[in-house]
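Student: What shape does this take:
(one chain, ligands or ions: 1)
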Amino acid sequence: MFSDHIFMVDYKDGNWINPRIEELKPIPVHPGNLAWHYGQSIFEGMKATKDKNGNPMLFRPEMHIERLNASAERMCMPAFPTDLFIEAVNQIVDIEKDWIPPAKGSALYLRPIMVAMDEALGVRASGEYLFMIMTLPVGPYYPKPVSLITEQKYVRAAHGGVGEAKTAGNYAASLKPAQKAKELGYDQVMWLDAQEFKYVQEVGTMNIFFVIDGEIITPSTEGTILKGITRNSAITMLRDAGHTVTERNIDIQEIVDAYQAGTLTETFGTGTAAVVSKVQKISHNGVELNLDQSKTVIADKVKGLIDGLRYGDVEDKWGWVVPVKGVSVEA
Ligand code: PMP
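Tutor: Predicted structure coming up:
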């Protein structure tokens with residue numbers, strides 16, 4: 001369910017013009033729209049919550065605009081001004097604050113999106129763009145631990161590709177393998193690298209973490225993995241709490257070996273939607289890893305810290321949680 005307003009701004013002749021908040025409604029789009037044909041479309045996903053006193057809060061909005069602009073750069077799209085983004089998210093959340101569900105675990109999900117608007121056929125970067133922020137209330141997400149299967153035929157991203165950009169095509173490419181995983185009885189695909197099908201990348205719409213012998217490890221981001229904001233928050237918080245977190249290449253065989261040796265104590269995914277999702281089963285090359293859920297400590301700690309910050313229960317020593325201000329957007 002979407003809330004009832006949308007922020008919109010156009011990009012024409014090299015300028016972002018006419019920022020406005022309107023009632024959400026369908027918009028007319030020319031059938032020759034370049035985004036439809038060639039996929040120049042990038043987006044973000046972030047959450048607004050209310051603290052204990054009912055004040056709306058945003059989580060790391062600067063990091064979202066930074067990532068949006070990194071995606072824009074890769075996709076030949078114009079950068080979006082940080083100031084305008086911050087004002088826009090503040091305004092739209094202020095207007096839609098009654099849509100923020102009060103229950104813990106609930107949030108108002110914000111979907112900033114930038115799409116090409118030129119009407120032309122021919123593979124080239126568009127001259128005109130539309131940037132929008134829509135919002136939608138999302139309920140408490142209490143997922144069961146998920147089951148994953150490694151993908152040995154299809155890949156999400158190759159070196160030199162667009163894996164690090166939050167662009168529509170990455171998600172389109174994931175649909176078929178995700179459907180295949182579902183048919184086999186698994187919740188999500190665990191992506192391996194495109195060259196050797198050996199190194200773990202990420203999972204569905206989450207980054208992945210393993211705990212082996214007390215060391216927390218997560219794949220390093222080297223162009224093929226989305227640089228998750230929850231991933232970054234988890235790494236920072238865990239390190240600040242005295243844990244060792246290592247970002248490096250992780251051979252899937254290392255995970256299988258650690259499981260068989262009894263040293264793999266936890267596997268979990270991080271992302272804006274789920275915050276933290278525990279993994280109960282991984283299937284790789286016919287080998288099933290059934291993870292003992294009674295051993296999870298780190299996943300609960302990360303979830304507790306991030307949720308605690310979002311609802312104002314954990315002291316924000318990182319300055320990540322920003323109170324929403326109802327400021328005016330200037331044209
Ligand atoms: N990987 C992919 C492919 C995703 O779509 C997401 C969700 N944005 C993530 C990882 C997690 O990123 P974040 O923590 O910023 O939501």
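Student: S71 belongs to a strand, doesn't it?
Tutor: No. With DSSP: H, G, I helix; E, B strand; the rest coil as the criterion, S71 is located in helix rather than a strand.
Student: list the contacts for it?
Tutor: S71 is in contact with 42, 77, 165-167, counting by Cβ atoms under 8 Å, 6 or more residues apart in numbering. Quick note: C-beta positions are derived from backbone N, CA and C, even for glycine.
Student: What about the residues you listed, which one has the most neighbours?
Tutor: In terms of neighbours by other Cβ atoms under 10 Å, these top out with I42 at 30 neighbours.
Student: Now do the contacts for that one.
Tutor: 68, 71-72, 75, 77, 113-114, 165-168.
Student: rerun that using 10 Å as the cut-off
Tutor: 35, 67-75, 77, 80, 112-116, 129, 131, 162, 165-169 (Cβ atoms under 10 Å, 6 or more residues apart in numbering).
Student: now swap in F197 and tell me
Tutor: Contacts of F197 (Cβ under 10 Å, 6+ apart): 150-153, 155, 191, 252, 285.
Student: Helix, strand or coil: sort out it for me.
Tutor: coil.
Student: Buried residues in the strand or helix carrying I6, which are they?
Tutor: I6 is part of strand 5-12, with elements assigned from DSSP states H and E. Residues 5-9, 11 are the ones in strand 5-12 that count as buried (16 or more other Cβ atoms under 10 Å).
Student: What strands flank that strand, and is each parallel or antiparallel?
Tutor: strand 15-23 (antiparallel), strand 129-138 (antiparallel) (DSSP bridges).
Student: what's the most buried one of these?
Tutor: Across the strands paired with strand 5-12, averaging neighbours per residue (mean count of other Cβ atoms under 10 Å) puts strand 129-138 on top, at a mean of 21.
Student: The nearest residue to W99 once chain neighbours are set aside - how many residues pack around it?
Tutor: Leaving aside its sequence neighbours, W99 sits nearest to S3 (Cβ to Cβ, 6 or more residues apart in numbering; 4.2 Å). Look at S3: counted by other Cβ under 10 Å, it has 21 neighbours.
Student: and if you look at K153?
Tutor: K153 is flanked by 8 other residues according to other Cβ under 10 Å.
Student: name the element Q179 belongs to?
Tutor: Q179 belongs to helix 168-183 when elements are defined using DSSP H and E.
Student: Following the chain past that helix, name the next helix or strand.
Tutor: strand 188-192.
Student: angle of that following strand against helix 168-183?
Tutor: 120 degrees (axes from the mean of the first three to the mean of the last three Cα atoms, to 10 degrees).
Student: In the stretch 1-150 of the chain, which residue sits closest to the ligand?
Tutor: Relative to the ligand, the nearest point of the stretch 1-150 of the chain is G45 (4.9 Å; Cβ to the nearest ligand atom).
Student: and the contacts of S71 as a markdown table, adding distance to the ligand and pLDDT?
Tutor: Shown next, in a markdown table, are those (distance: Cβ to the nearest ligand atom, whole Å; pLDDT from 0 to 100):
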| residue | distance to the ligand | pLDDT |
| --- | --- | --- |
| I42 | 12 | 98 |
| M77 | 18 | 98 |
| A165 | 10 | 98 |
| K166 | 6 | 98 |
| T167 | 10 | 98 |
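Student: which residues does the residue sitting furthest away from the middle of the chain contact?
Tutor: Centroid-distance maximum for the chain: A261 at 32.6 Å, with Cα atoms, centre = their mean. For A261, the contact set (Cβ under 10 Å, 6+ apart) comprises 212-213.
Student: I'd assumed G223 was in contact with G161.
Tutor: Yes. The criterion here is Cβ atoms under 10 Å, and G161 meets it with G223 at 7.8 Å.
Student: what is in contact with the two at once?
Tutor: Common contacts of G161 and G223 (Cβ under 10 Å, 6+ apart): R74.
Student: Return the residues of the protein in contact with the ligand.
Tutor: Residues of the chain found near the ligand, taking Cβ under 6 Å from any ligand atom as the criterion, are 45, 202, 205-207, 226, 228-231, 270-272.
Student: Mind picking the two most distant members of these?
Tutor: Of all pairs drawn from the residues of the chain next to the ligand, the greatest distance, 14.5 Å, lies between G45 and E202 (Cβ to Cβ).
Student: Which one of those two is surrounded by more residues?
Tutor: E202 (26 against 16).
Student: which non-adjacent residue is nearest that one?
Tutor: I225 (5.1 Å).
Student: Look at the one you found and report its pLDDT.
Tutor: I225 is assigned a pLDDT of 97 by the prediction.
Student: That one reaches R231, doesn't it?
Tutor: Yes. Here I225 reaches R231: they are 8.8 Å apart, a contact under Cβ under 10 Å.
Student: Show me the shaky parts of the stretch 51-200 of the chain.
Tutor: 142-143 (pLDDT under 70).
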